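Novice: Need a 3D model of the sequence below.
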Amino acid sequence: MSMDQTQDIKEPGSTKLALSVAFAGLISGLAIISIYEATLPTITANKAEELRQAVFRVLPGVHKMQLLEYSGDKLIVNPDADRKAEIVYGGYDKQGQLIGYAIPHAGPGFQDTISVLYGYQPSRRKVVGMWILDSRETPGLGDKIYKDAEFVANFDNLSADPEIKTMKKGTKSAPNEIDAITGATISAKAVARIINEAHAVWKDRFPPPGNEPKLGGAE
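Specialist: Now for the predicted structure:
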């Protein structure tokens, strides 16, 4: 190719380049949206199943569950309650008798927000299980709030009154005390604080025995 021919080749203008970039961005955006919409039902179903399993973990003996909303100074069955509503999950045995409530609550941990689900039996005023729904605590330390079986077991039969207290590991002696995690005391205390905060809100909202929300068939 001669020098004259080389000089005749023009670079694309800035407008053409901008349009090309915009078109590529549009195609990429549409592809991302399509993938998201295609996978959303699976993601939603997986999250629902994870929550269901968590409720069963924190309320031993549960066979069925249903979503309950606190509205008008009482708990009502509302399977369509939105995220802004005040909700708990009622857990029932095979005969449809209430075992307890699974209560979600979140609060700050050492690094980020910790989302907790705990089981509570008002008749005994006892926490009977705890599960971490979401946490970004430090791997190897703070993540022991859900990886350390001994710490999780603290909440299997724990008095919620007057409040849960976190003690140095190996020193708990009262029914409302839990052992902290060596090297992750802040995260352990955060879990206790989150449950205490939720308990302060919910403890007087649950109806007396015999007046609990009846199982409406939701599993």
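
Novice: for the protein, longest helix please?
Specialist: Longest helix in the chain, counting residues (DSSP state H): helix 14-58.

Novice: How far away from the center of its chain is the next helix-or-strand element following that helix?
Specialist: Going down the chain from helix 14-58, the next helix or strand is strand 64-71, by DSSP states H and E. Relative to the chain's own centre, strand 64-71 is displaced by 16 Å; criterion: CA atoms, centre = their mean, to the nearest Å.

Novice: Flag the shaky bits of the chain, pLDDT-wise.
Specialist: Within the chain, the stretches with pLDDT under 70 are 1-13, 36-45, 217-219.

Novice: Of all residues in it, which one is nearest the centre?
Specialist: L133 (3.4 Å; CA atoms, centre = their mean).

Novice: Are we agreed that that one is in a strand?
Specialist: Yes: using DSSP: H, G, I helix; E, B strand; the rest coil, the assignment for L133 is a strand.

Novice: Show the contacting residues for it.
Specialist: By CB atoms under 8 Å, 6 or more residues apart in numbering, the contact list for L133 reads 51, 54, 104, 115-117. In this view, the C-beta of every residue, glycine as well, is placed from N, C-alpha and C.

Novice: Which stretches in the protein count as strands?
Specialist: 64-71, 74-77, 87-92, 98-108, 113-121, 126-134, 158-159, 165-167, 177-179 (DSSP state E).

Novice: For the ones you listed, give me CSV that also has distance to S28.
Specialist: Converted to CSV, the strands of the chain look like this (distance: least, CB to CB, whole Å):
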stretch, distance to S28
strand 64-71, 38
strand 74-77, 44
strand 87-92, 38
strand 98-108, 34
strand 113-121, 31
strand 126-134, 29
strand 158-159, 51
strand 165-167, 48
strand 177-179, 49
